[in-house]
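Q: Next come a sequence and a model predicted from it.
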Amino acid sequence: MWWQNHPHDLHRVTDRVSSVYAERTHVDRADNAIVLINKERTVRVPAAMIAVVLLGPGTRITHAAMRLLGDSGTAVCWVGQHGVRMYASGQGASRGTHLLLRQAWLVTRPTERLAVARRMYDMRFPDEDTAGLTMQQLRGREGTRVKKLYKQHSLRTGVAWTRREYKAGDAFAAGDDVNRVLSAANSALYGICHAVIVGLGASPGLGFVHTGSATSFVMDIADLYKAELTIPLAFDLTAQGLIDERDARTALRDRIVDTGLLHRVVDDVKSLLFPDGEEPSDNGANELWDEELGTVSGGVNWSSDLDGRGGEHMVVIGPEFDEIEPEQVDF
């Protein structure tokens, strides 16, 4: 296999440092640690203790470092300055597809998909009864609740609020100070949720509320925490005059640590996809799909078993076509 460690040997995502961000830095390997080197310092970090490495502008990474991170099940994301945009990601910690198959099964069935969307709304606003609501009704209630939240935090902090403004893909390009700080905090939140989703082996693109984007499920999951984390944080920072992107990113990082968000994202993704409490397998099983048995073991020569089926094998061959003499054509 292209990785060496067994899944049981890897540290769980929830036990790891949430993220390490590097910018204008050379990343290399020394034994079982990655080494971050720039003009000011050299930092060694055990690769297996990190959930995701965020590589910002001016970063170079060696093949040996990437091999160690892949072997350690550490996700690697290439991001914009200060992690506010995400360009690409590598393999996460998961070795199995159990979660991904369950997600695909749910998202392709309207009844089950709507049930997941209701559970997401219940997690955001647990004081409401969403039984029997349609997606249109859920969107309407969500808009009303969020609009009310903006007004509450505006009154609490004294920061003026008119309406939400943002430019997709460019967190600091639109709106007043509180809008830009909120966009920067949301972008950092997307990065963390994206890393957890990839690390668990789910698809960032198969969303239940959002759709059509490669990060639809990331936006679904990030929305679960905005009312609690990024919206009040943006108003608090703006009220204190802390309106730089770095202010939003570092403050959100501290709240992520204080609230144990990484654990919650892991638990919430699993509970949304497996509400009955089933624990998805993380093993990278080497199996082959079978239309009757579900799966059979891979790495096995099945030719003898197929030969032994005897009468189960049926061949239907029709009679030979009559040969037709071509017509003679005179030129």
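A: Everything's here; your move.

Q: how many other residues sit next to residue 50?
A: When neighbours are counted by other CB atoms under 10 Å, residue 50 registers 22. (Glycine included, C-beta is placed from N, CA and C.)

Q: Give me the distance between it and residue 72.
A: 8 Å (CB to CB, to the nearest Å).

Q: Over to residue 65?
A: 11 Å.

Q: And for residue 219?
A: 28 Å.

Q: Likewise for residue 252?
A: 25 Å.

Q: Likewise for residue 173?
A: Distance from residue 173 to residue 72, by CB to CB: 36 Å.

Q: Now the phi/psi pair for residue 46, please.
A: Here is the backbone geometry of residue 46 (degrees, to the nearest 10): phi -60, psi 120.

Q: And the pLDDT at it?
A: pLDDT recorded at residue 46 is 87.

Q: mind checking which helix or strand residue 121 is in?
A: helix 110-124 (DSSP states H and E).

Q: Any buried residues in that helix, and which?
A: Of the residues in helix 110-124, 113-118, 120-121, 124 count as buried by neighbour count, 16 or more other CB atoms under 10 Å.

Q: again, but for stretch 193-212
A: For stretch 193-212, burial by neighbour count (16+ other CB under 10 Å) applies to 193-210.

Q: Which one's more surrounded, residue 173 and residue 72?
A: residue 72 (22 against 12).

Q: Surely that one and residue 51 touch.
A: No: using CB atoms under 8 Å, residue 72 makes no contact with residue 51, being 10.6 Å away.

Q: what mean pLDDT would you report for the helix holding residue 121?
A: For helix 110-124, mean pLDDT is 95.

Q: now do stretch 62-77
A: Mean predicted confidence for stretch 62-77 is 87.

Q: cool, stretch 29-36 as well?
A: On average, stretch 29-36 scores 91.

Q: first vs last residue of it, how far apart are they?
A: Criterion CA to CA, to the nearest Å; first-to-last residue distance in stretch 29-36 is 9 Å.

Q: List the buried residues for it?
A: Going by 16+ other CB under 10 Å, stretch 29-36 has these buried residues: 29, 33-36.

Q: Pull the contacting residues for residue 65.
A: Contacts for residue 65 (CB atoms under 8 Å, 6 or more residues apart in numbering) come out as 27-29, 34-35.

Q: if we go to 10 Å?
A: By CB atoms under 10 Å, 6 or more residues apart in numbering, the residues touching residue 65 are 26-30, 33-36, 47, 53, 76.

Q: hey, what's in contact with both of residue 65 and residue 72?
A: In contact with both residue 65 and residue 72: 34, 47, using CB under 10 Å, 6+ apart.

Q: relative to helix 110-124, how tilted is the one helix or strand residue 149 maps to?
A: According to DSSP H and E, residue 149 maps onto helix 135-157. Angle of helix 135-157 versus helix 110-124, following axes from the mean of the first three to the mean of the last three CA atoms, to 10 degrees, is 10 degrees.

Q: Looking at helix 135-157 now, give me its mean pLDDT.
A: The model assigns helix 135-157 a mean pLDDT of 94.
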